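Undergrad: fold the following, please.
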Amino acid sequence: MMDFVITWVDGGDAAHREKMRPYLKGEQNFADIAGPERLLERGEIRWSVASVLRFAAGFVRKVFIVTDGQDPHLHDFLQKNFPESASKIEIVDHSVIFRGYEEYLPVFNSIAIETMLFRIPGLSEHFVYMNDDVILTAPLTEEDFITGGKTIAYTQKQSVLQGQLVHFFRPKVNGRKVLTFRDTLRTAATVLGKNHFQRTPHIAFCYRRAWFEEFFAQRPEVLVGNIGCRFRSPSQVNLAALYYTATVDSGESVVRSAVGKKFYMRSSWKNPNYPKRKLRELDSNPRLKVACFGALYKLPEADFALYKAWLDRRLGISD
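TA: This is a model prediction of the structure:
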C-alpha cells in the first residue's frame, strides 16, 4: 500500500489572489511558467482524485491533497461516487509541511511546494506525486511504480550540453528566454555535480520519502534554495529530475520507457479535429495509463465539455 499526493490551488479565488498581490513585481512576466494564470482551475482536482480511487484502488492507502488554506469541496462528490473511499482523502495545508520554515510562506511556486512534500505527517515510505492536471486513465498496480523495492523511473538520460543547446536556440518571447520545464530539469545536474540529468515527462512520479530526508539533511542549502523562491525561478531544482538523476545512477531506481504509456493533451492546437483524435487515441490504446490534461483553463467551452464528458465516462463519475 502507498499514498498518493496531489498538489492543488484555486488561483481564481479572490482571497488567494489578494494573498499573492503584495509579492508581485511590476516587471513580472506572466508569459512563462511562473505566471499566475497557471493557477486557474476548472475542476481538475475532482478528476485527479477520482482517477486514483478508481484505477489505483488496489494499493492506494491515502490521498493527500496539499493546498494553501483552500478547500476543494469534494465531500458531496466523494459521498456520491466513492462513499467507501471518502475517508482516504486528507487535506494538508502548506503550514503543515513548512513547519519550522514559516518565513518562506506564502509561496506560489510548485517546485517549492514539491520540495516539502516528504514532510507530510504519516506519509508512506514510497509515495506517488501528481499535479492536479495528471489523471490516471486505466487500472494500475504497484508494479507500475515499484519493482523489487526500487522506484521505476519513466525517464530518459540527457546531457547537460544538449539541454544547454536547446535553451540557446529557443526563441525569445517579449525580449527574453521563457523559463521552461526542461530548464528546471537541467539544474539537477548542477546540484549533483553531473554532466547529465534524467529528463522526466509530466506524469505521476513515485518517490521514496527517506531519500529526500537523507538528501536534504546533507544538503540543506538545496532545500532552502528551492523554498526561498515565492515564484518559479531558474535557480530552482526540479524534484523529479533531482531524485531520478541521483537514484538511477545509484541503482535505487530502474529506468523504464514511457513511450506508449504516457499521454499529453495540449490545450491549444491548429487542427480542429485534434481533441477528438486525441481522445480516440486514449480509447484505443489500453497501455496509456497516465494522462496530463494541460491548461484546461485555455479551452473554449465546446472543447472543455468534450473533455469533461469523456473523463466523467472513463472514470464512471457524475456531478
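Undergrad: was I right about residue 213 contacting residue 120?
TA: No - Residue 213 lies out of contact with residue 120 (CB atoms under 8 Å); the separation is 11.9 Å. From N, CA and C alone the C-beta is placed, and that goes for glycine too.
Undergrad: who has more neighbours out of those two?
TA: Between residue 213 and residue 120, residue 120 has the larger neighbour count (other CB atoms under 10 Å), namely 19 against 12.
Undergrad: how far away is that one from residue 287?
TA: 31 Å (CB to CB, to the nearest Å).
Undergrad: so what's residue 252 closest to, chain neighbours aside?
TA: Residue nearest to residue 252 in three dimensions, not counting chain neighbours: residue 150, with 6.0 Å by CB to CB, 6 or more residues apart in numbering.
Undergrad: per-residue confidence for the one you found?
TA: Residue 150 is assigned 97 on the pLDDT scale.
Undergrad: now residue 30
TA: As predicted, residue 30 sits at a pLDDT of 41.
Undergrad: begin at 297 from now on, thanks
TA: Sounds good: first residue 297 from here, last item residue 326.
Undergrad: now do the same for the closest residue to residue 535 other than its chain neighbours: helix, strand or coil?
TA: Computed as CB to CB, 6+ apart, the closest residue to residue 535 that is not its neighbour in sequence is residue 410, at 4.6 Å. What DSSP: H, G, I helix; E, B strand; the rest coil gives for residue 410 is helix.
Undergrad: need the contact list for the residue nearest to residue 548.
TA: With contact taken as CB atoms under 8 Å, 6 or more residues apart in numbering, residue 446 is in contact with 547, 548, 549, 550.
Undergrad: can you rerun that using 6 Å?
TA: 548, 549, 550 (CB atoms under 6 Å, 6 or more residues apart in numbering).
Undergrad: also residue 407?
TA: 522, 532.
Undergrad: again, only this time at 10 Å
TA: 329, 480, 483, 522-523, 525, 527-529, 532-535 (CB atoms under 10 Å, 6 or more residues apart in numbering).
Undergrad: output the helix or strand it falls within as PDB, restricted to C-alpha atoms.
TA: Secondary structure from DSSP states H and E places residue 407 in helix 406-411. Only the C-alpha atoms of helix 406-411 are listed here, as PDB (Å, rounded to 0.1, in the frame of the first residue of the first chain):
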ATOM      1  CA  SER A 406       5.000  24.400  -7.300                       C
ATOM      2  CA  ILE A 407       8.700  23.500  -7.100                       C
ATOM      3  CA  ALA A 408       9.000  25.000  -3.600                       C
ATOM      4  CA  ILE A 409       5.800  23.100  -2.500                       C
ATOM      5  CA  GLU A 410       7.000  19.800  -4.000                       C
ATOM      6  CA  THR A 411      10.300  20.200  -2.200                       C
END
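Undergrad: okay, buried residues for the helix or strand just after it please.
TA: Going down the chain from helix 406-411, the next helix or strand is strand 422-427, by DSSP H and E. Of all the residues in strand 422-427, those buried under the rule 16 or more other CB atoms under 10 Å are 422, 423, 424, 425, 426, 427.
Undergrad: I am finished for the moment; much appreciated.
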